[in-house]
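[1] Everything below, folded, please.
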Amino acid sequence: MLKSAGDVEDVVQETFWQAWRLARRYAPERGSVQTWLLTMARRRALDRPRAARRLPEDSIDGAGEQGGGNGAALTDAAADPSLSAELAERRRHVLAALAELPPEQREVLEMGYFGGFSQSEIAERTGQPLGTIKTWMRLGMLKLRERLSLLREGAR
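    Model (predicted):
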């Protein structure tokens with residue numbers, strides 16, 4: 001289904017990560033563990049090319065930026081150690097703020113912003129109602145805004 005070994009490895013890793021997070025939702029009466037895992041892997045494999053077309057992949061650590069938005073800042077950071085240190089500090093704050101979120105809010109934000117999935121796709125993948133996904137995303141964004149307000153104030 002996938003053309004590159006890297007994509008296959010990513011799908012396998014994402015599948016097991018999802019299985020770990022959603023293990024409590026496994027219901028033996030609905031099928032074997034193997035079927036459950038294969039279904040998750042198949043969905044991820046089918047969604048991967050579509051998500052790649054929709055959004056270019058951006059890494060949270062700044063590696064592999066694709067010439068947009070932050071690309072110039074990263075180039076400048078390589079030449080300016082103080083800018084590099086500032087970007088590293090911001091990254092640390094953002095990752096810490098994400099880590100402080102409740103798991104369900106962090107998961108849906110990561111799927112939406114780093115995975116490129118729509119709220120409807122997230123609801124389908126997680127088995128949660130769309131309204132719940134929207135609420136979790138909104139609450140997560142509000143908490144991030146509050147926790148990262150120092151970064152906003154420093155940018156002024």
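[2] okay, CA-based contacts and neighbour counts for the rest of this
    Noted.
[3] Within the helices and strands, which one has the nearest residue to Ala19 once chain neighbours are set aside?
    Among residues not flanking Ala19 along the chain, Leu37 sits closest, at 7.1 Å (Cα to Cα, 6 or more residues apart in numbering). For Leu37, the host element (DSSP states H and E) is helix 33-54.
[4] What score does the residue nearest to Ala19 have for pLDDT?
    The confidence metric pLDDT takes the value 88 at Leu37.
[5] With Ala63 instead?
    46.
[6] and if you look at the one 4 residues further on?
    The confidence metric pLDDT takes the value 43 at Gly67.
[7] same check, this time on the one 10 residues further on
    On the pLDDT scale, Ala77 is placed at 53.
[8] ok, Pro129 - how many residues close by?
    Counted with other Cα atoms under 10 Å, the neighbours of Pro129 add up to 13.
[9] cool, and Glu124?
    Neighbours around Glu124, by other Cα under 10 Å: 13.
[10] Next: the one 4 residues further on.
    Residues within reach of Gln128, counting by other Cα under 10 Å, total 12.
[11] How is it assigned, secondary-structure-wise?
    Following DSSP: H, G, I helix; E, B strand; the rest coil, we place Gln128 in the coil state.
[12] what angle sits between the helix or strand where Trp20 lies and helix 33-54?
    According to DSSP H and E, Trp20 maps onto helix 5-21. Per axes from the mean of the first three to the mean of the last three Cα atoms, to 10 degrees, the angle that helix 5-21 makes with helix 33-54 is 120 degrees.
[13] Now do helix 5-21: which elements does it pack against?
    The contact analysis (3 or more Cα pairs under 8 Å, 6 or more residues apart in numbering; DSSP states H and E) places helix 5-21 against helix 33-54.
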